[in-house]
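Visitor: Only the shape, not the letters, is given here:
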């Protein structure tokens with residue numbers, strides 16, 4: 001099986017549980033403060049490694065204890081980390097997450113993730129182009145994302161773009177990605193409010209996949225039929241990282257040659273299972289767990 005590359009963010013998540021998400025100007029009591037490995041990029045790499053894929057992580061951390069522990073955490077689940085760069089004098093990325101009312105709010109401090117620049121990509125280019133498919137997100141600089149997608153297109157490497165956090169993407173970049181996986185909010189930022197989700201998907205059959213939380217995931221088949229692959233019913237404990245699990249599982253499935261609707265069912269099952277445990281990476285399921293849930 002080929003190698004999957006992830007170019008993206010590596011963060012330490014500082015998670016606090018509260019009775020509910022505070023309103024503007026309000027103070028609520030928090031408890032259960034935890035420091036948990038996170039970052040969309042690292043989460044997606046870990047999700048794929050746990051599903052048995054061969055994965056390499058490309059990104060930057062600071063020269064601090066958080067950076068060292070995040071690299072070790074990825075190594076422990078089998079992610080290849082030799083190309084991760086430690087940047088002197090810069091903190092590792094941090095996400096501050098408040099969990100309450102079965103939902104969350106997140107503030108992200110980029111730190112060393114801003115050093116995932118074009119120079120860095122050129123340093124790791126040989127390893128990156130050994131990958132069969134590369135997964136990217138928006139927690140690193142925009143020009144880096146564009147550069148990697150262009151590099152992949154030039155060298156026949158497939159690219160999956162998970163365009164979160166939401167920001168606009170140039171049309172020529174959208175045209176070059178193999179798969180695009182926005183949620184509904186991100187899809188509106190990409191394509192505007194004047195076009196329905198159905199029309200968006202018809203423009204990009206079997207390429208644009210729109211995630212819709214507890215409803216499931218939609219795409220348009222080459223036949224022109226728009227399909228909704230329903231989400232797996234889950235006993236939700238923590239939704240952090242569910243989208244990353246979905247993206248990772250989807251990428252593994254398409255690399256293995258699964259048909260898109262089967263790949264989305266596999267991804268939905270993995271994402272559903274991940275919400276049943278606390279923390280982004282800790283809750284990510286193994287291949288066997290997904291297989292059992294799909295058979296059950």
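Guide: Right, received. Where do you want to start? Because the structure is predicted, anything quoted here is derived from the model rather than measured.
Visitor: would you say residue 159 is within a strand?
Guide: Yes. Judged by DSSP: H, G, I helix; E, B strand; the rest coil, residue 159 forms part of a strand.
Visitor: which residues touch stretch 201-219?
Guide: 174, 177-184, 187, 197, 200, 220-222, 224, 226-231, 243, 246, 250, 260-261, 264, 267-268 (CB atoms under 8 Å, 6 or more residues apart in numbering). C-beta coordinates here come from the backbone N, C-alpha and C atoms, glycine included.
Visitor: Next, the distance between the ends of it.
Guide: In stretch 201-219, first residue to last residue: 6 Å (CA to CA, to the nearest Å).
Visitor: Could I get the buried residue list for it?
Guide: Judged by neighbour count (16 or more other CB atoms under 10 Å), stretch 201-219 contains these buried residues: 201, 204-212, 216-219.
Visitor: Serialize those residues to a markdown table and add fields for pLDDT.
Guide: What follows is the buried residues of stretch 201-219, written out as a markdown table (pLDDT from 0 to 100):
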| residue | pLDDT |
| --- | --- |
| 201 | 97 |
| 204 | 97 |
| 205 | 98 |
| 206 | 97 |
| 207 | 98 |
| 208 | 98 |
| 209 | 98 |
| 210 | 97 |
| 211 | 95 |
| 212 | 91 |
| 216 | 92 |
| 217 | 96 |
| 218 | 97 |
| 219 | 97 |
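Visitor: follow-up on the earlier one: buried subset of the contacts of stretch 201-219?
Guide: By 16+ other CB under 10 Å, these give 174, 177-183, 187, 197, 200, 220, 229, 231, 243, 246, 250, 260, 264, 267-268 as buried.
Visitor: which non-adjacent residue is nearest residue 287?
Guide: Excluding the flanking residues, the one nearest residue 287 by CB to CB, 6 or more residues apart in numbering is residue 52, at 4.5 Å.
Visitor: and that neighbour, how many neighbours does it have?
Guide: If you count neighbours by other CB atoms under 10 Å, residue 52 ends up with 15.
Visitor: do residue 176 as well
Guide: Residue 176: 17 surrounding residues under other CB under 10 Å.
Visitor: and the closest residue in space to it that isn't next to it in sequence, helix, strand or coil?
Guide: Spatial nearest neighbour of residue 176, excluding adjacent residues (CB to CB, 6+ apart): residue 153 at 4.2 Å. Each residue gets one of three states, and residue 153 gets helix by three-state DSSP.
Visitor: Give me the buried positions along stretch 97-107.
Guide: Those would be 97-100, 104, for stretch 97-107 by 16+ other CB under 10 Å.
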